[in-house]
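[1] Got a sequence here, can you build the structure:
(one chain, ligands or ions: 3)
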Amino acid sequence: MDLNSDMEKILWTEQQISERVTELGSEITRHFKPETASPVIVGVATGAFLFLADLVRKIHLPVTVDFIRVESYGSGTVSNGQPRISFDLKIDVRGKHVILVEDIVDTGNTLYCLIDYMKSKGASSVSVCTLLDKPARRKVHFELVGEGKYYCGFECPDEFVVGYGLDFAELYRNLPYVGVLKPEVYK
Ligand code: PRP
Ligand code: MN
Ligand code: MG
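    Residues are numbered from 1 along each chain as shown. Ligands and ions are numbered 1, 2, ... in the order given. This is a model prediction of the structure:
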């Protein structure tokens, strides 16, 4: 079984991702440097795990790290549109600056739900840092909270992408690059 041979093309190489992650880390460092409270970096499990791990090492500030899980896709390729929090935060985000870390923003359902949740928990600002944004698929408009910022690595074409955290049926997450799956693999 070779994951690489299931790929139609590579969109972003390991090197390109690494360079962009370094830039995003610098932007976040610059923006949050004047803050007295440490931002809380919240990874959206499972997809954000690799991006978060690389990103936090490029943020040169004290930060805390937590994870939350929202389920909306199951193992298929189409969102069922009803996100549900199935694994909750450990850290109390009340009065904190939260940075939600995502691998991809697709319909916007997941972030809409999580931003709302962070707001209800009393976060003083909610920012989003996503590796990929697929604007062609947006269904739900979400608004950041307070002075929250939106950081995005790359704009993603409307194709079925996997790798660097992104899965198809829970596989391909461990590929070091992001690529497009051959249609015969998911059909
Ligand atoms: C994927 C992706 C985002 C979300 C984006 O997660 O990692 O979290 O979908 O889609 P949306 O904007 O339409 O909500 P998924 O639910 O597949 O779970 P996973 O991270 O465990 O793969
Ligand atoms: Mn996810
Ligand atoms: Mg998924």
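[2] pLDDT weak spots in the protein?
    Applying pLDDT under 70 to the chain flags the ranges 73-83.
[3] Give me the residue at the spatial middle of this protein.
    Residue closest to the mean C-alpha point of the chain, counted by CA atoms, centre = their mean, is E102 at 0.7 Å.
[4] Could you check which helix or strand contains it?
    Assigned by DSSP states H and E, E102 belongs to strand 97-105.
[5] How about the residue nearest to the centre of the chain: what's its closest non-neighbour residue?
    Nearest residue to E102, sequence neighbours excluded (CB to CB, 6 or more residues apart in numbering): T130, at 4.1 Å. To be clear about C-beta, it is placed using only N, CA and C from the backbone, and glycine gets the same treatment.
[6] pretty sure the one you found is touching D106, no?
    No: in this structure, T130 is not within contact of D106 by CB atoms under 8 Å, at 10.0 Å.
[7] near ligand 1, which residues of the protein show up?
    Residues of the chain lying close to ligand 1 (CB under 6 Å from any ligand atom) are 44, 46-47, 71-73, 79, 102-110, 167.
[8] from these, which ones fall inside helices?
    N109, T110 (DSSP state H).
[9] Going by neighbour count, which of the residues of the chain next to ligand 1 are buried?
    44, 46-47, 72-73, 79, 102-110, 167 (16 or more other CB atoms under 10 Å).
[10] Bridge partners for the residue nearest to E102, pull those for me.
    Assessed by DSSP bridges, T130 has beta-bridge partners E102, C152.
[11] can you give me the strands in this protein?
    Here the chain has its strands, by DSSP state E, at 7-12, 40-45, 64-71, 84-87, 97-105, 125-133, 150-155, 161-162, 178-181.
[12] Relative to E27, which of those strands is closest?
    strand 150-155 (6.1 Å; CB to CB).
[13] quick one on the thing from earlier: any chance of the strands of the chain in a markdown table, plus distance to ligand 3?
    Formatted as a markdown table, the strands of the chain follow (distance: least, CB to the ion, whole Å):
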| stretch | distance to ligand 3 |
| --- | --- |
| strand 7-12 | 17 |
| strand 40-45 | 10 |
| strand 64-71 | 9 |
| strand 84-87 | 13 |
| strand 97-105 | 8 |
| strand 125-133 | 13 |
| strand 150-155 | 17 |
| strand 161-162 | 9 |
| strand 178-181 | 13 |
